[in-house]
Structures are given as C-alpha cells and as structure tokens.
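[1] Predicted model and sequence below, questions to follow.
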Amino acid sequence: MIWTAAILLSGLFLSAGWHKTGSPAYYRDLISGYTGLPAAWAGVARNGVALVELAVGILLLVPASRNAAAWGAFGLLSGYSLVISVSLARGLEMDCGCSGPNGGLKLSPWLLFRNLVLIMSAWLLTYPASNRLTGLVDCLIILCSSAALILIYLAFEQLLSNREKLALLRNR
C-alpha cells in the first residue's frame with residue numbers, strides 16, 4: 001500500500017513539475033491569474049513550485065526520504081486545495097493547470113474531492129512501512145495497483161474535462 005501511494009503521488013508530482021518546466025509562460029500567467037502577482041514574480045513562483053514538485057516526486061521514491069517528501073506532498077496538495085477554494089469563492093472561471101496547458105480542466109469543487117483523496121494518500125505515507133521483505137509477487141501487485149490507480153486518476157480528470165466540454169456544447 002505504501003509503495004503504491006508513493007508511486008501514484010510521485011508520478012503526479014513529477015508530471016506536474018514537468019508540465020511547469022515545459023510550459024513556463026502558461027503557468028506564469030496561470031499563477032498570476034490565481035494570485036494577482038505581476039508576471040515576473042509569478043514566473044519566480046512557477047520556478048519554485050516546479051522545483052519543489054520535482055523534488056517531492058523524486059524523494060517519494062526513496063524510502064529514507066519518503067516521510068519528509070510525504071509531508072511536502074501533503075503541504076503542496078493542501079496549498080493547492082486552499083488556492084482552488086479561494087478561487088472558487090471569488091468566482092474565477094479558469095483552468096486549474098492540473099493537466100497541463102492542453103488539459104482544459106477548469107476549476108470545480110470536484111478538484112477539492114480529488115485533492116482530498118490525494119492528501120489522504122500523502123498522509124498514509126507518513127506512517128512507517130513494515131520491515132517485511134518485498135518479494136516478486138509483492139512487486140507485481142505494487143506495479144499493477146499503481147498502474148490501476150494512475151489510470152483511475154487520469155480517467156477522473158478526463159471525465160471532469162469532458163463534463164465541462166459537454167456543458168459548453170449544451171449552452172450553445
């Protein structure tokens with residue numbers, strides 16, 4: 001269970017950091033829209049967030065650093081949830097940035113639900129893992145369950161994106 005959650009969250013944060021480094025202008029503008037920061041400061045914030053996301057993603061896979069990385073993931077996800085909540089309360093209708101510049105995923109309360117599940121996964125990683133040796137069957141189960149959870153996560157984001165696209169078509 002620990003390895004599965006670590007792989008899921010690691011993939012999430014490595015992907016998020018990669019998106020931010022690959023589309024700097026998009027994320028600079030997105031951060032500026034969320035926070036009201038000038039473009040230059042939003043660019044600095046984007047660099048910092050991308051660096052932290054990449055570090056957390058890597059460190060989650062190292063057992064010796066997993067606890068600290070799990071608290072980092074917990075903090076990032078909690079911070080993102082706070083930003084989403086404030087933005088929803090302000091009535092902002094903008095991309096969340098979760099799926100990259102082409103994801104088309106808008107802010108919604110469903111993202112808070114998704115983040116709650118991810119926060120619980122990060123919290124799970126703060127508990128000590130058992131000292132039991134991991135065998136070949138365990139590794140296979142970890143890989144298959146990690147792949148399944150990643151696919152469920154991607155399907156959930158696609159459903160949210162499709163929901164928004166369908167709403168736009170209905171409102172034409």
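    Right, received. Where do you want to start? Residues are numbered from 1 along each chain as shown.
[2] what ranges do the helices span in this structure?
    Counting by DSSP state H, the segments of the chain that form helices are 2-22, 24-35, 39-59, 66-89, 109-124, 136-170.
[3] Now do the last one against helix 109-124, angle only.
    Right, the one you point to is helix 136-170. 160 degrees (axes from the mean of the first three to the mean of the last three C-alpha atoms, to 10 degrees).
[4] okay, now C144: neighbour count?
    C144: 11 surrounding residues under other C-beta atoms under 10 Å. For glycine as for every other residue, the C-beta is placed from the backbone atoms N, C-alpha and C.
[5] Roughly how far does it sit from D138?
    11 Å (C-beta to C-beta, to the nearest Å).
[6] How about G11?
    Counting by C-beta to C-beta, the gap from G11 to D138 is 19 Å.
[7] Between the two, point out the one with more neighbours.
    G11 (19 against 12).
[8] Find the nearest non-adjacent residue to that one, please.
    With sequence-adjacent residues excluded and distances taken as C-beta to C-beta, 6 or more residues apart in numbering, G11 is closest to I150, at 5.8 Å.
[9] rewinding a little: including distance to P101 and mean pLDDT, could the helices of the chain go into a markdown table?
    Formatted as a markdown table, these follow (distance: least, C-beta to C-beta, whole Å; pLDDT from 0 to 100):
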| stretch | distance to P101 | mean pLDDT |
| --- | --- | --- |
| helix 2-22 | 8 | 90 |
| helix 24-35 | 4 | 89 |
| helix 39-59 | 13 | 94 |
| helix 66-89 | 17 | 94 |
| helix 109-124 | 17 | 91 |
| helix 136-170 | 13 | 79 |
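[10] Most tightly packed of these?
    Most buried of those, by mean neighbour count (mean count of other C-beta atoms under 10 Å): helix 2-22, with a mean of 20.
[11] any idea of the angle it forms with helix 136-170?
    Going by the same axes, to 10 degrees, helix 2-22 makes 50 degrees with helix 136-170.
[12] Now do helix 2-22: which elements does it pack against?
    In terms of contacts (3 or more C-beta pairs under 8 Å, 6 or more residues apart in numbering; DSSP states H and E), helix 2-22 is packed against helix 39-59, helix 66-89, helix 109-124, helix 136-170.
[13] quick one, that helix and helix 39-59 angle?
    150 degrees.
[14] Quick one: distance of helix 2-22 to the chain centre.
    Chain-centre distance of helix 2-22: 7 Å, with C-alpha atoms, centre = their mean, to the nearest Å.
[15] I'd like the distance between L88 and W71.
    From L88 to W71 the distance is 26 Å (C-beta to C-beta).
[16] got the contact list for the nearest residue to L54 once chain neighbours are set aside?
    Closest residue to L54 apart from its sequence neighbours, by C-beta to C-beta, 6+ apart: G17 at 3.6 Å. When contacts are counted by C-beta atoms under 8 Å, 6 or more residues apart in numbering, G17 is found next to 50-54, 57.
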